[in-house]
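**Student:** could you look at this predicted model? Sequence included:
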Amino acid sequence: MLEGTKIKTPSQVSSIFDIAKDTVLFLLLSCYYILESLFWTLVPNALRPMKSLKGDVVLVTGGGGGVGRQLAVKLARIGAKVVVWDINEDALRNTCSALRDEGYEVASYAVDLADRDAVYKTAERVKKEIGKVDVLINNAGVVFGETLLELNDKAIETTYKVNILSHYWTVKAFLPDMIETEKGHIVTVGSVAGLLGTYRCTDYSATKFATVGFHESLFTELRAHGHSTIHATLVCPSYINTGMFDGVTPRLVPMLEPDYVAETMIDSIRKNEVNCIMPGSVRYLLPLKCLLPSKMCWDLMHRVMKGPQSMMELKRKPQAA
Ligand SMILES: NC(=O)c1ccc[n+]([C@@H]2O[C@H](COP(=O)([O-])OP(=O)(O)OC[C@H]3O[C@@H](n4cnc5c(N)ncnc54)[C@H](O)[C@@H]3O)[C@@H](O)[C@H]2O)c1
């Protein structure tokens, strides 16, 4: 289905003339892309065209708590039909009552994202009861915050099931309808811990690195097959004040508020941005890890940023037996 439109294979574009022509075209277009990007960076949100999510069905996984609840409330306020999924039924009830208190309808589903069959079954129920999902926000995540040898096997598997494998099941369930209607948006919530390996996060960081690969590969598949009206956004926030990283006090980056993260994510979705890193300053640090000597990177991380030291303060979470 994704392969509806065929692209040229390398054997069809092998002559030197073709390579030179494509390179010149690429350089000319690059100038345009850089100017376009600079222009939109300087234009305030209030003045730039942003897509309306009014009437769109937006599904938020992990919508019971933290950033997910903020997303649900803010999306309802701008007119989206919100569907929330969460494993925690009390948290789901709290999100629903927060929305109903403001006069908004919300559909909620209790589902364990670690259970593939439950994800597929719940997706079918949503399609039958609510209709086509226009925007899928894969937001739910878990962290146990133990060093590798302290992590039990079950905890490692759970982190992989929730933080990355569930993205495969939800996207496989909802993307075909998006392709059929040529309208859709897949939002992948990663983390700065998915861009820089993090102490006590061998499982968490690895799954968040996987979300980056998942998003980038899905993006190339969509574009290569001409589905330019189906958008993909990767969101990589630094620490957020939701309790997930309770006890951690980062040294140089601010602790982000869930309200700010949700607002920035929605703006990013409405602008069809491909990447959203919070705070933006982190994106200037990333190239350094490939450019600088590794001893210098480690010194920057532990002497200047005190990354591992601050993660040592993380309050322990129970690991299922
Ligand atoms: N909090 C941070 O510092 C931080 C930083 C960077 C990225 N993130 C990412 O942002 C996203 C949201 O984080 P948050 O801080 O709001 O987390 P949170 O713990 O406050 O909320 C996560 C929600 O996901 C739900 N959930 C967990 N396991 C589930 C499962 N098996 N099935 C269904 N729902 C499940 C929880 O019940 C909870 O409501 C996560 O993907 C997280 O990894 C968080």
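**Tutor:** Arrived safely, thanks for sending. Source: prediction; values computed, not measured. Numbers count the residues shown, from 1 in each chain.

**Student:** give the buried residues for stretch 81-90.
**Tutor:** Within stretch 81-90, the residues scored as buried using 16 or more other Cβ atoms under 10 Å are Lys81, Val82, Val83, Val84, Trp85, Asp86, Ile87. In this view, the C-beta of every residue, glycine as well, is placed from N, C-alpha and C.

**Student:** what about the helices in the stretch 101-250 of the chain?
**Tutor:** Assigned by DSSP state H, counting those that start in this stretch, the helices in the stretch 101-250 of the chain fall at 116-129, 153-160, 166-181, 202-224.

**Student:** switch those over to JSON lines; also include mean pLDDT, mean neighbour count and distance to the ligand.
**Tutor:** Shown next, in JSON lines, are the helices of the stretch 101-250 of the chain (pLDDT from 0 to 100; neighbours: other Cβ atoms under 10 Å; distance: least, Cβ to the nearest ligand atom, whole Å):
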{"stretch": "helix 116-129", "mean pLDDT": "98", "mean neighbour count": "15", "distance to the ligand": "9"}
{"stretch": "helix 153-160", "mean pLDDT": "97", "mean neighbour count": "17", "distance to the ligand": "7"}
{"stretch": "helix 166-181", "mean pLDDT": "98", "mean neighbour count": "18", "distance to the ligand": "7"}
{"stretch": "helix 202-224", "mean pLDDT": "98", "mean neighbour count": "19", "distance to the ligand": "7"}
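
**Student:** mind checking how far Phe245 is from Leu28?
**Tutor:** With distances taken as Cβ to Cβ, to the nearest Å, Phe245 is found 45 Å from Leu28.

**Student:** more neighbours, these two?
**Tutor:** More neighbours surround Phe245 than the other of Phe245 and Leu28, with 26 against 10 (other Cβ atoms under 10 Å).

**Student:** list the contacts for the residue nearest to that one when sequence neighbours are not counted?
**Tutor:** In space, and not counting its chain neighbours, Phe245 is closest to Tyr239: 5.3 Å by Cβ to Cβ, 6 or more residues apart in numbering. Applying Cβ atoms under 8 Å, 6 or more residues apart in numbering, we find Tyr239 in contact with Phe245, Val248, Pro250, Val253, Met255, Leu256.

**Student:** same question for Glu150.
**Tutor:** Here Glu150 is in contact with no residue (Cβ under 8 Å, 6+ apart).

**Student:** next one: it from Lys317, what distance?
**Tutor:** Taking Cβ to Cβ, one finds Glu150 at 11 Å from Lys317.

**Student:** figure out how far the helix of greatest length in the chain is from the centre of its chain.
**Tutor:** Counting residues, the longest helix in the chain under DSSP state H turns out to be helix 16-42. Centre-to-centre, helix 16-42 and its host chain are 27 Å apart (Cα atoms, centre = their mean, to the nearest Å).

**Student:** how about stretch 309-321?
**Tutor:** Relative to the centre of its chain, stretch 309-321 is centred 23 Å away, using Cα atoms, centre = their mean.

**Student:** same deal with stretch 179-199?
**Tutor:** Counting by Cα atoms, centre = their mean, stretch 179-199 comes out at 3 Å from the chain centroid.

**Student:** cool, and stretch 249-256?
**Tutor:** Distance, centroid of stretch 249-256 to centroid of chain: 20 Å (Cα atoms, centre = their mean).

**Student:** okay, buried residues for it please.
**Tutor:** Pro250, Val253, Leu256.

**Student:** for the last one, give me phi and psi.
**Tutor:** Same thing as Leu256. phi -80, psi 150 (degrees, to the nearest 10).

**Student:** next: the second one.
**Tutor:** When quoted as degrees, to the nearest 10, the phi and psi of Val253 stand at phi -100, psi 150.

**Student:** mind checking how far the closest residue to it other than its chain neighbours is from Leu175?
**Tutor:** Excluding the flanking residues, the one nearest Val253 by Cβ to Cβ, 6+ apart is Ser238, at 4.8 Å. Shown here: Ser238 relative to Leu175, a distance of 29 Å by Cβ to Cβ.

**Student:** what's around Val235, how many residues?
**Tutor:** 25.

**Student:** no wait, Asp18
**Tutor:** 12.

**Student:** up against the ligand, what does the stretch 51-200 of the chain have?
**Tutor:** With Cβ under 6 Å from any ligand atom as the criterion, the stretch 51-200 of the chain comes near the ligand at residues 62, 64-68, 86-88, 91, 112-114, 139-142, 162, 189, 191.
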